[in-house]
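In: pasted the sequence and its predicted model underneath.
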Amino acid sequence: MQVIDFYCCGQQEYWLEQIKKSDWSAGSYLYELLSKHKFHDTLGKSSKVLMLVNEDQLLSFCTYAEIDDIQPTLLTPWIGFVYTFPQYRGHRYVGKLFQEIEKNSEYEYLILDLTDSIMDLWEVLKGCDYIYTISRDDGLSMAKIEQYERVLEQMEYGEITARTTKWRLPIFKQLPRQFEELTYGELAKYIRSKVFPDLLKGEMGE
């Protein structure tokens, strides 16, 4: 089992056909970008398609790209098109892709902004060391959290629950107006005060 780069593997036609088999609209779009040679024009010249393979079997894939669909923004890079084929789910294979990105990038941590619309959400969460869920006291929000936890219990994903911390955000006087400003101001300061202690504990083995 190994992680390979689509553009460096030497078998692009074969792996392209494997990507085409994904039962996901975004996977079909990725196939279209690759097959029509529009991938780098769309996502940036240094962007990559990383694939976790076992001999001739494609298990998971994702992109590590300069550009995402959240525009305009100067933030980069982005992880996207995260997918694991159904028969291989439940083994944290997505985490192996993330580890490869972490190993070969200048960044020490990967911070993922996830919603319930992402494909293979559970696989992505199982590959995370820390998970933060924003909670509120209104009935709708509490019902959504309860439903989320019930699904985790039914799917026997207790490890996700164990790594999840619930946050009740304070009231901020001003939120960033531009996406790239998210790393500054009250919100960023609050996030750093909550996340960094967990990361430091992890490094110290606590």
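Out: Ah, there it is. A quick note: this is a predicted structure, and the numbers were derived from the prediction, not measured.

In: helices of the chain, residue ranges please.
Out: For the chain, the helices defined by DSSP state H cover 12-20, 25-35, 39-43, 93-103, 121-126, 139-154, 158-162, 185-203.

In: biggest strand in the protein by residues?
Out: If you go by DSSP state E, the chain has its longest strand at strand 57-65.

In: give me the buried positions along that strand.
Out: For strand 57-65, burial by neighbour count (16 or more other C-beta atoms under 10 Å) applies to 58-65. From N, CA and C alone the C-beta is placed, and that goes for glycine too.

In: from those, pick the one nearest Ile131.
Out: Cys62 (18.3 Å; C-beta to C-beta).

In: and the residue of the chain most remote from its centre, what does it touch?
Out: Relative to the C-alpha centroid of the chain, counting by C-alpha atoms, centre = their mean, Lys173 is the outermost residue, at 29.5 Å. By C-beta atoms under 8 Å, 6 or more residues apart in numbering, the residues touching Lys173 are Glu186.

In: got the domain ranges for this protein?
Out: Following automatic domain parsing, one finds the domains of the chain at 1-129, 130-168, 171-206.

In: out of those domains, which is the most enclosed?
Out: Highest mean neighbour count of those: domain 1-129, a mean of 15 (counted as mean count of other C-beta atoms under 10 Å).

In: quick one: end-to-end distance for it.
Out: 22 Å (C-alpha to C-alpha, to the nearest Å).

In: and that domain, how far from the chain's centre?
Out: 9 Å (C-alpha atoms, centre = their mean, to the nearest Å).

In: distance check, Lys38 against Gln12.
Out: Distance, Lys38 to Gln12, by C-beta to C-beta, to the nearest Å: 14 Å.

In: put the alpha carbons of the lowest-mean-pLDDT helix or strand in the chain into CSV.
Out: Of all helical and strand segments in the chain, the minimum by mean pLDDT, DSSP states H and E falls on helix 185-203, at a mean of 72. Provided in CSV are the C-alpha atoms of helix 185-203 (Å, rounded to 0.1, in the frame of the first residue of the first chain):
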residue,chain,number,x,y,z
GLY,A,185,-8.8,39.3,15.0
GLU,A,186,-11.0,38.1,17.9
LEU,A,187,-12.1,34.9,16.3
ALA,A,188,-8.6,33.8,15.4
LYS,A,189,-7.3,34.6,18.8
TYR,A,190,-10.1,32.6,20.4
ILE,A,191,-9.5,29.6,18.1
ARG,A,192,-5.7,29.7,18.9
SER,A,193,-6.4,29.8,22.6
LYS,A,194,-8.5,26.6,22.3
VAL,A,195,-6.6,24.6,19.7
PHE,A,196,-3.0,25.2,20.4
PRO,A,197,-3.0,23.8,24.0
ASP,A,198,-4.4,20.5,22.5
LEU,A,199,-1.7,20.4,19.9
LEU,A,200,1.0,21.0,22.4
LYS,A,201,-0.4,18.3,24.7
GLY,A,202,-0.3,15.9,21.7
GLU,A,203,3.3,16.7,21.0
